[in-house]
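Peer 1: A structural model of the following input is requested.
(one chain, ligands or ions: 1)
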Amino acid sequence: MSAQPKVVDLRSDTVTQPTAAMRAAMAAAPVGDDVFGDDPTVNALQERLAQALGFESALFMPTGTQSNLCGILAHCGRGDEYIVGQLAHTYRFEGGGAAVLGSVQPQPLTQDAGGQMALADIAAAVKPDDCHFARTRLLCLENTWNGHPMPEEYLQQASSLARSKGLAVHLDGARLFNAAVASRQAGETATASAKRICSYFDSVSVCFSKGLGAPIGSMLCGSRELIARAHRIRKMVGGGMRQVGVLAAAVDYALDHHVERLADDHALAQRLAQGLQGIDGLTVRSAQTNIVFVDVADGRGADLLAHLKAHGVWATGLIGLRFVTHLDVDAADIDHTLACIRAFFTQAGASADGAVAHRASHGAAVY
Ligand SMILES: *Cc1c(COP(=O)(O)O)cnc(C)c1O
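Peer 2: All right, here's what the predicted structure looks like:
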């Protein structure tokens, strides 16, 4: 049997395999029934992250979607609303969970290219105390957004605006540590930078199954009172888990070994973006942290995607393409990707007729 050719999987940073050392840490973890609060590895991880990010308490969750849901429902009750970006994960990509399961109304607002809602729009969206309206309770931000780290000044302004209106502020920080690495001050550790970002929020949800390379897991952080409410909601939505210390151990390992190295992923994304400069037929729309978005001319996006797939390079998107760097790709993989893309555009007879249907992608690239 010949060896499988290596696939360069740039679809998402969720595709990483747990490393041998991470698996060893998982195998060695002491565990207990976490619904009884008995799992020492989970308890230690919750304490560790709460303390590292400056919160009283934290709760381990299977997914970021459940973590955001429990966060929103811990802040908002039936008939309340949260203000959120039109394209934000917590509005558009979580099955409408807050509305479906919590009777919480989203108030989506337009975002700019960096994912920011205008402060004036936020202020105008807060409803007066009047029986016509849902009660506006919460502002949800997302950082990074499509790879963009939010400027600290915006976080500060948006959160103080929200608080001046009596709202709480939640961060969907699925890629918080990518934001932290990208926006840290000189000499600051990634964790200190993450804590600074978190200081503007009442609750933060962090994913470990993305750039940090754990197979599963997210954490909701907040005050003791908020996390106690979220704990009840997590049970209600089926997120009470048992000997889950094996998973918490993977996360603990990732926090020890995979945080600072996110800078390598960001450097690889830049290597890709720079290599794409000057290729006729595509433009780099955005290359921030570990995510590169590319616009392909003449409707050839799907053709390029198919060409890449045939050469062992996987990406997502149809019209615009998305490439995400992570733990399991290296510089040689990026150079191979660049060579394949160059070959596609120089290939004789490459059809430019865009036979491909212009299917609206509805943000297929959001995982
Ligand atoms: C991935 C992601 C989530 C949800 O995480 P899952 O673990 O896939 O449920 C939430 N928000 C953002 C911005 C994400 O990228």
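Peer 1: which residues are contacting the strand or helix carrying A44?
Peer 2: Here A44 sits within helix 40-53, counting by DSSP states H and E. Contacts made with helix 40-53 from outside it, assessed by CB atoms under 8 Å, 6 or more residues apart in numbering, are listed as 29-32, 34, 37, 56-60, 191, 194-195, 198, 204, 206, 219, 221, 244-246, 248-249, 251-252, 255. All C-beta atoms are positioned from the backbone trio N, CA, C, and that covers glycine.
Peer 1: which ones among these lie within helices?
Peer 2: Among the contacts of helix 40-53, the residues falling in helices (DSSP state H) are T191, A194, K195, C198, G245, V246, A248, A249, V251, D252, L255.
Peer 1: verify the stated contact: the second one with N178.
Peer 2: So the one you mean is A194. No. Using CB atoms under 8 Å, A194 is not in contact with N178, being 9.8 Å away.
Peer 1: distance of the closest residue to the ligand within the chain from A339?
Peer 2: The nearest approach of the chain to the ligand comes at G64, 2.5 Å away (CB to the nearest ligand atom). For G64, the distance to A339 (CB to CB, to the nearest Å) stands at 34 Å.
Peer 1: ok, those two, which is more surrounded?
Peer 2: More neighbours surround G64 than the other of G64 and A339, with 27 against 13 (other CB atoms under 10 Å).
Peer 1: domain parsing of the protein, as residue ranges.
Peer 2: As given by automatic domain parsing, the domain ranges for the chain are 31-257, 261-366.
Peer 1: which of the ones you listed is buried the deepest?
Peer 2: Comparing the domains of the chain by mean neighbour count (mean count of other CB atoms under 10 Å), domain 31-257 comes out on top with a mean of 20.
Peer 1: what's the offset of that one from the middle of its chain?
Peer 2: On the basis of CA atoms, centre = their mean, to the nearest Å, domain 31-257 sits 10 Å off its chain's mean C-alpha point.
Peer 1: kindly report the same for stretch 310-323.
Peer 2: 19 Å.
Peer 1: show the average pLDDT along that stretch.
Peer 2: The average pLDDT within stretch 310-323 is 92.
Peer 1: same thing with stretch 251-261?
Peer 2: 98.
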